[in-house]
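> how would this look folded up:
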Amino acid sequence: MFKYSVFAKAGLYVLGLGVALVSCTTTKNTTGSQSKVIATLGSNPIYVSDFKYTYEKSLKDKDSAYTRNSIENYLDLYIKFKLKILAAQKAGVDTSVAFNKELATYREQLAKPYLTDKAKVEELVREAYNRLKEEVRVSHILVKVDKEAEPQDTIVAYNKILELRNSVLKGENFEQVATQHSQGPSAKQGGNIGYFTALQMVYPFENASYNTQIGSISDLLRTKFGYHFLKVTDRRNASGKIQTAHIMIISPPKSSIKDSIEAKRKIDKIYERLEAGETWEKLCRQFSEDQPSKDKGGVLPEFGIGEAIPEFEQAAFQLNEVGDFSKPIYTPYSGWHIIKLVKKRTVESFGKMEPFIRQKVAKDSRLKVTQQSFIGKLKRLNNFSMDARVVDRATAKANASLLKGAWKYDKNDPLLNEVVVRFEDRVLKLKKGYIVKDFFDFVMAKQVPKANLKNPKHYMQLLFQQFIDFSTIDFERNNLEVKYKDYKMLVKEYKEGMMLFQMMNDNVWNKAIMDTTGARKFFEGQRENYRWKERAQATIYSIANEQVLNQLKSRLGQTRYLVTKTKAKNLYFDKNVSNLNSNAEKALLRVVNILKRNRQYRLEISGHVDPAEEDKLSSERLQKALEFLLRQRVGIDRIITKDYKKSKPVSIRNRKRNRRLEFAFYSADKKDLAIELNLTNPLNIKITDGVFEKGTNTILNKVTWEKGETQLRDKDRILYVIIDKVLPSRLKQYNETRGKVITHYQNHLEQEWIKGLRKSYPVQINQKVIDQLVGQK
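Below is the predicted model:
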């Protein structure tokens, strides 16, 4: 991702320039002399063409375009921007290694739209969508050969597949030939790989499948797996996507006969109970052995044709209505399943599916199709040529070390300076020859060990094909700024944005933060600008009805509120025991965690003993609990203990319930009170509290600013306002307004900096040019 925030922070958006985030278009650059000068900064001209480019892209209100006011306001901002860039150039900001490394990253990303065959991408996206509407059933025969195989191995594989195809064309049974000779996993099924749709197979295989008629045999095709030919046995409308749930009983193929019989008996019994009307969720939770899904009703991820185990997929797609479930079916990978249909959807509109399809096209084997299409166009456009004799001599330099990924070349070899490939754009008079040294450097960067190859020269030839692609793109990339004005301007804008960010950081933002003395001096020089208006410390309650209001008023008199939503279990003790066992300590740790999560809570612990015990045991139990809590760094000011001794027994039969510590949480925070009052209805009450400046709160604007209570109506709500204190207007202290001071100080520093830059680079504006621009469209 681009660092857009950098440019926003650097002031491009603050200035209204908005130059870094415009979309790329492929407008050819117009050659010729520079346009008129609209202003000069010292000896540095600002050309009308540059000004208009950024001005037009910054326009939000087209009605104000090219009015005098609009032009002059924008020119003022643009001049300030350019002054900062001149300062950055003088400081050498754009000469550092780190700067140019980051700029190279942006340049590379900005180039991507110009190095893509957009028309081909659009064609493939549309083609994929149209194919998604249909499913094909295909059988194929494969003869494996590595995609980097040497010529002799490729020929052997090619002759073998050609022989098999000819035998099928002459009448031999396709399925038998596939079973006997195909080297793919589907050979056991007579080559049948079932139904599939677009975006599921490698693109050449998909292409052949959709371009072959039912019952016909395709031409030979090459994929990364080897050579194929295929037979299309059926076509049908797309089944779309479904979501299912299942109840599964594990029974892998290697299970004993006894276990297999037991698994089948279980699944049949579950099916009987479903048929009898028992709920799916209950039976799934009780009996399904698919642990990840059983507690979620057995729900599985959505899938389409060709994306699930065939037996499971076939049974699932036979379900018609949501809620229908299948009879038990067996899959060899996991065992027995009962499948329920949860959701079914057909192929969606192109608009909805387009983002998904584009993502797939950009990642699957279609990517190579778009790349090769674009490279082919560039070769023709830029008049690609290569010297076959030099190529042969260069690839002959390969030796056994290349297959180990350790090849090096002789830096004194005279062959290094021979041109191996050439490009020339005859319209723009651009040309370049890539020499053997360029190729050899590419080889050294790209070579990896190749255990699957035996001939070093063959590997070198493969790398040369990659080098052709690389150099084709490289030539185009290096000339983008000449060919496309928009790209040139975007790179310039990113570069200047980076320069501006660095200068603003050094001269304004960081300086204002670090210069604490300067900031305080600035503050003291204009204290009257930092003044509190009259303020009220107030709480505003928005209440549903009178009943809730009365509940609120009855609770507001309390200094703390019982928190009923948060509870801790009682601690129970054996008779005449006060020490804490491990379970008691775990329970107390849970209390500690509640207090840590809720810093406003206070804890009340009450101690009780059974009538048959001594009174002192309750205080001993309280003391043990208190000591434990203090060791966990709970403040003593947050704990209240109450010793009830024998005064509150709760059971005659279960004496242990009398031997207890009870816990209750209290809060002085009114928001906790609101939570309590909202337990029956979340809309009962809403609280807003704080210190408010006069005129900043619409509700407080309606009441008299004095200590006391006021009750208002707001449509169907009651507003109950309590003002605890009215604070008179006064000057702010520095720490009360530091953030605003820093912002104002930054603005001050920037203004002073601009004044200095205007002295270093005197500004002259060409009023005649502005007059000519006014009214243009």
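
> what are the ranges of the strands in the stretch 401-550 of the chain?
Here the stretch 401-550 of the chain has its strands, by DSSP state E, counting those that start in this stretch, at 419-425, 430-435, 531-532, 535-543.

> Mean pLDDT and distance to L749 for those strands - can I get that in JSON lines?
(C-beta placed from N, C-alpha, C; glycine too.) Below are these laid out as JSON lines (pLDDT from 0 to 100; distance: least, CB to CB, whole Å):
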{"stretch": "strand 419-425", "mean pLDDT": "97", "distance to L749": "48"}
{"stretch": "strand 430-435", "mean pLDDT": "96", "distance to L749": "46"}
{"stretch": "strand 531-532", "mean pLDDT": "96", "distance to L749": "23"}
{"stretch": "strand 535-543", "mean pLDDT": "97", "distance to L749": "31"}
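
> want to throw those strands into TSV with distance to G277 and mean neighbour count?
Formatted as TSV, those follow (distance: least, CB to CB, whole Å; neighbours: other CB atoms under 10 Å):
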stretch	distance to G277	mean neighbour count
strand 419-425	76	20
strand 430-435	77	17
strand 531-532	71	14
strand 535-543	48	20
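
> Can you lay out these as TSV showing distance to A91?
Formatted as TSV, the strands of the stretch 401-550 of the chain follow (distance: least, CB to CB, whole Å):
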stretch	distance to A91
strand 419-425	37
strand 430-435	34
strand 531-532	39
strand 535-543	46
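
> Of these, which is nearest G351?
Proximity to G351 (CB to CB) singles out strand 419-425 among the strands of the stretch 401-550 of the chain, at 38.4 Å.

> neighbouring strands for that closest one, and are they parallel or not?
Taking DSSP bridges as the criterion, strand 419-425 sits next to strand 385-386 (antiparallel), strand 430-435 (antiparallel) in its sheet.

> In a markdown table, list those along with distance to K446.
Shown next, in a markdown table, are the strands paired with strand 419-425 (distance: least, CB to CB, whole Å):
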| stretch | distance to K446 |
| --- | --- |
| strand 385-386 | 18 |
| strand 430-435 | 15 |
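
> Distance check, the most far-flung residue of the chain relative to its centre against D637.
For the chain, the residue at maximal distance from the C-alpha centroid (CA atoms, centre = their mean) is A612, at 65.4 Å. Applying CB to CB, to the nearest Å, the value for A612 to D637 is 35 Å.

> Pull out the CA atoms of stretch 412-428 and give them to me as PDB.
Listed next in PDB are the C-alpha coordinates belonging to stretch 412-428 (Å, rounded to 0.1, in the frame of the first residue of the first chain):
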ATOM      1  CA  ASN A 412      36.900 -10.100 -18.800                       C
ATOM      2  CA  ASP A 413      35.000 -12.000 -21.400                       C
ATOM      3  CA  PRO A 414      34.800  -9.800 -24.600                       C
ATOM      4  CA  LEU A 415      31.400 -11.300 -25.300                       C
ATOM      5  CA  LEU A 416      29.900  -9.300 -22.300                       C
ATOM      6  CA  ASN A 417      29.600  -6.200 -24.400                       C
ATOM      7  CA  GLU A 418      27.800  -7.800 -27.300                       C
ATOM      8  CA  VAL A 419      24.200  -6.700 -27.800                       C
ATOM      9  CA  VAL A 420      21.900  -9.700 -27.400                       C
ATOM     10  CA  VAL A 421      18.400  -8.100 -27.600                       C
ATOM     11  CA  ARG A 422      17.300  -4.700 -28.900                       C
ATOM     12  CA  PHE A 423      14.200  -2.500 -28.500                       C
ATOM     13  CA  GLU A 424      13.200   0.700 -30.400                       C
ATOM     14  CA  ASP A 425      10.200   2.900 -30.200                       C
ATOM     15  CA  ARG A 426      10.500   4.700 -33.600                       C
ATOM     16  CA  VAL A 427       7.800   7.200 -32.800                       C
ATOM     17  CA  LEU A 428       9.300   8.600 -29.700                       C
END
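
> which residues are contacting it?
381-387, 390-391, 393-394, 397, 409, 430-440, 467-468, 471-472, 475, 479, 482-483 (CB atoms under 8 Å, 6 or more residues apart in numbering).

> same question, stretch 299-318
Residues outside stretch 299-318 that contact it (CB under 8 Å, 6+ apart) are 135, 194-197, 200, 238-246, 293, 326, 329-333, 337, 339, 341-343.

> out of the strands of the stretch 401-550 of the chain, nearest to F628?
Proximity to F628 (CB to CB) singles out strand 535-543 among the strands of the stretch 401-550 of the chain, at 36.9 Å.

> If you count contacts, what does the closest one end up packed against?
Here strand 535-543 touches helix 546-556, strand 685-693, strand 717-727, going by 3 or more CB pairs under 8 Å, 6 or more residues apart in numbering; DSSP states H and E.

> Turn the ones you listed into CSV, including mean pLDDT and mean neighbour count.
Compiled in CSV, the helices and strands packed on strand 535-543 are given as follows (pLDDT from 0 to 100; neighbours: other CB atoms under 10 Å):
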stretch, mean pLDDT, mean neighbour count
helix 546-556, 92, 14
strand 685-693, 95, 16
strand 717-727, 96, 17
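
> S618: which of those is closest?
Of all these, helix 546-556 sits nearest to S618, with 29.6 Å by CB to CB.

> Could you give the separation of the closest one from the chain centroid?
In terms of CA atoms, centre = their mean, to the nearest Å, the centre of helix 546-556 is set 47 Å apart from its chain centre.

> Of the contacts of stretch 299-318, which count as buried by neighbour count?
Among the contacts of stretch 299-318, the ones that count as buried by 16 or more other CB atoms under 10 Å are 135, 194-197, 200, 238-246, 293, 326, 329-331, 337, 339, 341-342.

> So which of the residues you listed belong to strands?
Counting by DSSP state E, the part of the buried ones among the contacts of stretch 299-318 found in strands is 135, 194-196, 241-246, 329-331, 337, 339, 341-342.

> contacting residues for the closest residue to S401 other than its chain neighbours?
Setting aside the residues directly before and after it, S401 is nearest to W407 in space (CB to CB, 6 or more residues apart in numbering), at 4.7 Å. Residues in contact with W407 (CB under 8 Å, 6+ apart) are 398-399, 401, 443-444, 447, 456.
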